[in-house]
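Novice: Sharing a sequence plus its predicted fold:
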Amino acid sequence: MSESVSQVQRSYDLISRMIFSYQLPPGAVVSDFALSRKFGISRTPIRSAIMMLVRDGIVEQQGNGFRVIKITKESIDSLYEARLCLEVGILSLAMKKGISAETINELRSIVMEEEEFLKEKKYIPALDKDIAFHEKLSSLSNNKSLERSYRRLSLQMRILTVFSLASPNDDAAKEYFQIVDFIESCDLDKAKALLEENIEQGHRQKIKAVGMFGMSGLEGMFNFISAYFKENQGGDSEDGYKEC
């Protein structure tokens, strides 16, 4: 990897981590000048990284500048419609191709870790495991085109993290254990039905949070999550962030 490509990727990683930890919350201006000064990286790779984030649907152009995408009820609906079609379809294809016992054990291991975090009311690390479970499920199709599509969708879904924390699902691990059991028993219909319900429940959860807090009322949640990441991931240094 050339130095210029490496700088663009490093810039992309740093900016996206700021977005997913709400240090750049939804609607925030994404300035190549400010980020260049913050990270000590020239503006050219920073701007290239911003354009990659635009391509991924995380940042949008606003006049001559850029901002993190805003969250609206319509955007939540759209993302969940796409997720329902894509994720359930991927699971169906994966189960028809066959899922190994080793992979099933890996899925259970992720859910067990999430269960422990939920018991301790540690919702941010529990959410990391929740995301990991869905990403693992969506990697099982052995289809690169589907994996690329899901990656882009998953990145946009991460903007909605704040809503999951505003209205946590304490039964998530129990539901995931059941999905894994249906996968293991090759019961495609039940596995799909339960995954569909889980995704729909997540959709309802986000809409409920919007109703409870409103868009402007989530600012305190943005600040809380940002402070959490700064405290637990070592501030703004590159190595201090957890991979998102």
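Specialist: Nice, I can see it. Residues are numbered from 1 along each chain as shown.
Novice: Helices along this structure, start to end?
Specialist: Per DSSP state H, the chain carries helices over the ranges 3-20, 32-39, 43-55, 73-97, 101-119, 123-137, 144-157, 161-166, 172-184, 188-213, 219-232.
Novice: got TSV for those, with mean neighbour count and mean pLDDT too?
Specialist: Using the backbone N, CA and C atoms, a C-beta is placed for each residue, glycine as well. Output for the helices of the chain, formatted as TSV (neighbours: other CB atoms under 10 Å; pLDDT from 0 to 100):
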stretch	mean neighbour count	mean pLDDT
helix 3-20	18	89
helix 32-39	16	95
helix 43-55	18	96
helix 73-97	16	94
helix 101-119	16	96
helix 123-137	20	92
helix 144-157	15	92
helix 161-166	20	74
helix 172-184	19	96
helix 188-213	16	89
helix 219-232	15	67
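Novice: okay if I get the ones you listed as JSON lines plus distance to Gly63?
Specialist: Below are the helices of the chain laid out as JSON lines (distance: least, CB to CB, whole Å):
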{"stretch": "helix 3-20", "distance to Gly63": "19"}
{"stretch": "helix 32-39", "distance to Gly63": "14"}
{"stretch": "helix 43-55", "distance to Gly63": "14"}
{"stretch": "helix 73-97", "distance to Gly63": "20"}
{"stretch": "helix 101-119", "distance to Gly63": "42"}
{"stretch": "helix 123-137", "distance to Gly63": "33"}
{"stretch": "helix 144-157", "distance to Gly63": "22"}
{"stretch": "helix 161-166", "distance to Gly63": "26"}
{"stretch": "helix 172-184", "distance to Gly63": "40"}
{"stretch": "helix 188-213", "distance to Gly63": "27"}
{"stretch": "helix 219-232", "distance to Gly63": "23"}
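Novice: which stretch among the ones you listed comes nearest Asn64?
Specialist: Asn64 lies closest, by CB to CB, to one member of the helices of the chain: helix 32-39, at 11.2 Å.
Novice: tilt between the closest one and helix 43-55?
Specialist: On the basis of axes from the mean of the first three to the mean of the last three CA atoms, to 10 degrees, helix 32-39 is oriented at 110 degrees to helix 43-55.
Novice: quick one: helix 32-39 to chain centroid distance?
Specialist: Chain-centre distance of helix 32-39: 24 Å, with CA atoms, centre = their mean, to the nearest Å.
Novice: Which strands and helices lie in contact with that helix?
Specialist: helix 3-20, helix 43-55 (3 or more CB pairs under 8 Å, 6 or more residues apart in numbering; DSSP states H and E).
Novice: mind checking pLDDT for the residue nearest to the spatial centre of the chain?
Specialist: Nearest to the mean C-alpha position of the chain, by CA atoms, centre = their mean, lies Arg158 at 2.9 Å. Listed pLDDT for Arg158 reads 89.
Novice: Is it in contact with Arg17, as I believe?
Specialist: No: Arg158 lies out of contact with Arg17 (CB atoms under 8 Å); the separation is 10.5 Å.
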